[in-house]
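Enquirer: Task: produce atomic coordinates for the following.
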Amino acid sequence: MSEAIKVFLVEDEYAIREGIKKSVDWEKNGFELVGEAGDGEVAFPKIVKSKPDILITDIRMPFMDGLELSKLVKKELPDIKIVVLSGYDDFNYAKEAISIGVEEYILKPVSGDKLMEELGRIAELVKNKKQEMELRSKYIHDREEIRILEQQKFLHDVIGGKMSMGESLKLGKDLGIEITAAYYAIVLMQVFPKNIQSIDAEEYSSAKEDMYIKLNDIYSDKNHVYLYEQVGDVLCFLERADDEKEIHANIRAGIDDIKAMMEEYDDMMFFISVGKVVDRIRDVNSSYTDASKKFAERYMYTDSFVFYEETEGDKDGIRENVNEDRKQTASNLDINSLDVSMLSKKTVYHFLRNGTLSEVEDLVNEYFESMGSEAFESMMLRQYVLMESMLSAVAFLDDLGVNKEDISDMLGDLKNPVLFADSVDSAKQYIKDLLNCLIEHRNKVSDKKYVEIIDKAKDYIQENYKEDDMSLQSVASYVNVSSNHFSAIFRRETGETFIDYLTTVRMDKAKDLLVCTSMKTSDVGFEVGYRDPHYFSYIFKKTQGMSPKEFRRIKKES
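Expert: Numbering: from 1, shown residues only. Okay, the predicted model is just below:
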């Protein structure tokens, strides 16, 4: 049963007001009388509170007349329909009523049938408007993916220093992001499996998706922080506050929330890096650079770690190793009894799976610094580290499915690491060259993998577009990647968003059915995945520029 149309009545003459109330069977005709009053002053607060769909008001009343009341009500409730009753056949009144936006101007006395006739006509307008707003709301909800992508790009550009203060304020406001603050800081986070070799890729992807959904839930009601997922599954948080102590308190609280959440995932480790606090939006990029430099060290840790320096000069005291494991070091090791797992093998392997080209420089510098310059004076240690780096690289390439002959051709001179061990600088350069070479290859493999993922997703959509519950999340789950990541790569690989692609598939199928069958338009909508026929018509007109019936008629005539 449809919702009743709410009506409010304002008439200063009690007898007339009672007569109007009794002349109409409100409930039977789909109306609800939600209030009444004898003048505009008394009526106004009641109208604002009850939010009627239709206001019936007399023109001539004490204290506040009907036209003044109509002006005030229209400001508060722009969509309300107003019917003015008047005993004066005065053109000026009618003219002013029309300028205010009054729907109907009726001369008194008015019969119940006449009033009901006008109310019935207006009720149809109200219902159509409500339906249009509901359909529009559903349309906006269905296209939430686009808004999220736009927000992600905005945050990426702000953090990358690509936007001026004026641009960031304007675009941020359009996207619902309040960027103004006195202080800013960047926080980076990433999760890794503790045991790389035994992790199941599907389980890992599912666990990451679950964690990132929980993180979004944790931060969804916090207006001091915005986050987005970078390439490589790194989460980037933009913290803002009007007080320096407040921003540190918020960061600390966020770290505590993450720690508490991660207690549920025994087989995962997490890393957090906090960049320096800055006081200008244009300097957010320097906070990001600072966070990234420290974050590159995460590949050298065997368990969860937080890189956080709240005050200048307190470089080590505030860093935390969450589970008390220490970073891999070589400065205090006996070279002759080195454990193969202690040095570069794990570090390089971790990095090759998750690192980026932009992190290579910082990682290698931090890696060598962690072992100490004195340790690397030993030729034997340098040779050992380079050999282990090579073994790790070969193992990684083997995991990617590269055969031994191709590995040798790809690495060229790099397959002889000992040649580069004559100095610390040459050893550093060797590892940098090795990492760059392998990450570029990994990225090519990933790009090919992305094409396969998108092709798989498209096939799934073509086979299941009739399902009304198909969503970005369900398709992302099918291809086994996070919804945010899937949305980004789908747009990058196809040039359109997932929802646009799905809508195009459905509209193409609908057009075929409209032309080639005699099915009702409502049945056509149902057949292509829209259970609400009104919403199907709304989407069809939005995308095709005409209603399904108009489309069918034009095609039949052509």
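Enquirer: quick one, what contacts the residue nearest to the spatial centre of the chain?
Expert: For the chain, the residue nearest the mean C-alpha position is I148 (3.2 Å; C-alpha atoms, centre = their mean). Neighbour list for I148: 484, 487 [criterion: C-beta atoms under 8 Å, 6 or more residues apart in numbering]. All C-beta spots, glycine's among them, are computed from the backbone N, C-alpha and C.
Enquirer: buried set for whichever helix or strand V364 is part of?
Expert: Assessed by DSSP states H and E, V364 sits inside helix 360-371. With burial defined by 16 or more other C-beta atoms under 10 Å, the residues of helix 360-371 counted as buried are 360, 362-364, 366-368, 370-371.
Enquirer: who does it touch, helix- and strand-wise?
Expert: When contacts are defined as 3 or more C-beta pairs under 8 Å, 6 or more residues apart in numbering; DSSP states H and E, helix 360-371 sits against helix 284-295, helix 344-354, helix 424-464.
Enquirer: export those helices to CSV and tack on mean neighbour count and distance to Q383?
Expert: What follows is those, written out as CSV (neighbours: other C-beta atoms under 10 Å; distance: least, C-beta to C-beta, whole Å):
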stretch, mean neighbour count, distance to Q383
helix 284-295, 21, 28
helix 344-354, 22, 12
helix 424-464, 16, 9
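Enquirer: And these, which one averages the lowest pLDDT?
Expert: Sorting the helices and strands packed on helix 360-371 by mean pLDDT places helix 344-354 lowest, at a mean of 74.
Enquirer: Specify the angle between that helix and helix 424-464 in degrees.
Expert: Orientation of helix 344-354 against helix 424-464 (axes from the mean of the first three to the mean of the last three C-alpha atoms, to 10 degrees) gives an angle of 40 degrees.
Enquirer: quick one: contacts of helix 344-354?
Expert: Contacts of helix 344-354 with the rest of the structure, by C-beta under 8 Å, 6+ apart, involve 190, 192, 196, 232-233, 298-300, 302, 328, 359, 363, 367, 385-386, 388-389, 391-393, 395-396, 431, 434-435, 438-439, 442.
Enquirer: Now, of those residues, which are buried?
Expert: Of the contacts of helix 344-354, these count as buried by 16+ other C-beta under 10 Å: 190, 192, 233, 298-300, 302, 328, 359, 363, 367, 385-386, 388-389, 391-393, 396, 431, 434-435, 438-439, 442.
Enquirer: what bits of this protein have low per-residue confidence?
Expert: For the chain, applying pLDDT under 70 flags the ranges 1-2, 88-99, 196-205, 231-232, 310-346, 371-377.
Enquirer: Run through the strands of it in chain order.
Expert: 5-10, 31-37, 54-58, 81-86, 104-107, 183-193, 225-229, 235-241, 268-274, 305-307, 320-321 (DSSP state E).
Enquirer: Between those strands, which one is closest to L175.
Expert: Closest approach to L175 among those (C-beta to C-beta): strand 225-229, 10.0 Å.
Enquirer: What residues sit buried inside that closest one?
Expert: Residues of strand 225-229 classed as buried by neighbour count (16+ other C-beta under 10 Å): 225-229.
Enquirer: so which of these comes closest to M116?
Expert: Y226 (52.9 Å).
Enquirer: residues in contact with the closest one?
Expert: Going by C-beta under 8 Å, 6+ apart, Y226 touches 151, 155, 177, 237-238.
Enquirer: Apply 7 Å and report the result again.
Expert: Neighbouring residues of Y226 by C-beta atoms under 7 Å, 6 or more residues apart in numbering: 155, 177, 238.
Enquirer: residues contacting S137?
Expert: By C-beta under 7 Å, 6+ apart, S137 has no neighbours at all.
Enquirer: before we move on, what about the one 5 residues further on?
Expert: Contact criterion C-beta under 7 Å, 6+ apart gives I499 as the residues in contact with D142.
Enquirer: Then E178?
Expert: By C-beta under 7 Å, 6+ apart, the neighbours of E178 are 172, 223.
Enquirer: ok, back up a step: dump the helix holding V364 to PDB, keeping only the CA atoms.
Expert: What follows is helix 360-371, C-alpha atoms only, in PDB (Å, rounded to 0.1, in the frame of the first residue of the first chain):
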ATOM      1  CA  VAL A 360      64.200   0.600  -4.000                       C
ATOM      2  CA  GLU A 361      66.600   3.500  -3.100                       C
ATOM      3  CA  ASP A 362      65.300   3.900   0.500                       C
ATOM      4  CA  LEU A 363      65.200   0.100   1.100                       C
ATOM      5  CA  VAL A 364      68.800  -0.600   0.000                       C
ATOM      6  CA  ASN A 365      70.200   2.400   1.900                       C
ATOM      7  CA  GLU A 366      68.400   1.400   5.100                       C
ATOM      8  CA  TYR A 367      69.300  -2.200   4.600                       C
ATOM      9  CA  PHE A 368      73.000  -1.500   4.400                       C
ATOM     10  CA  GLU A 369      72.900   1.000   7.200                       C
ATOM     11  CA  SER A 370      71.200  -1.500   9.500                       C
ATOM     12  CA  MET A 371      74.200  -3.900   9.100                       C
END
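Enquirer: tell me the angle it makes with helix 284-295.
Expert: Here helix 360-371 runs at 50 degrees with respect to helix 284-295, directions being taken by the same axes, to 10 degrees.
Enquirer: Centre of the chain to helix 360-371, how far?
Expert: Distance of helix 360-371 from its chain centroid, counting by C-alpha atoms, centre = their mean, to the nearest Å, is 34 Å.
Enquirer: Next: stretch 387-405.
Expert: On C-alpha atoms, centre = their mean, the centre of stretch 387-405 falls 37 Å from that of its chain.
Enquirer: Please apply the same query to stretch 410-417.
Expert: Centroid displacement of stretch 410-417 relative to its chain, using C-alpha atoms, centre = their mean, is 43 Å.
Enquirer: Count the residues that sit near I47.
Expert: Per other C-beta atoms under 10 Å, the neighbour tally for I47 reads 24.
Enquirer: residues contacting it?
Expert: Shown in contact with I47 (C-beta under 7 Å, 6+ apart): 8, 55, 73.
Enquirer: Nearest to K404, out of the buried residues of helix 360-371: which one, please.
Expert: Among these, V360 lies closest to K404 (C-beta to C-beta), at 25.0 Å.
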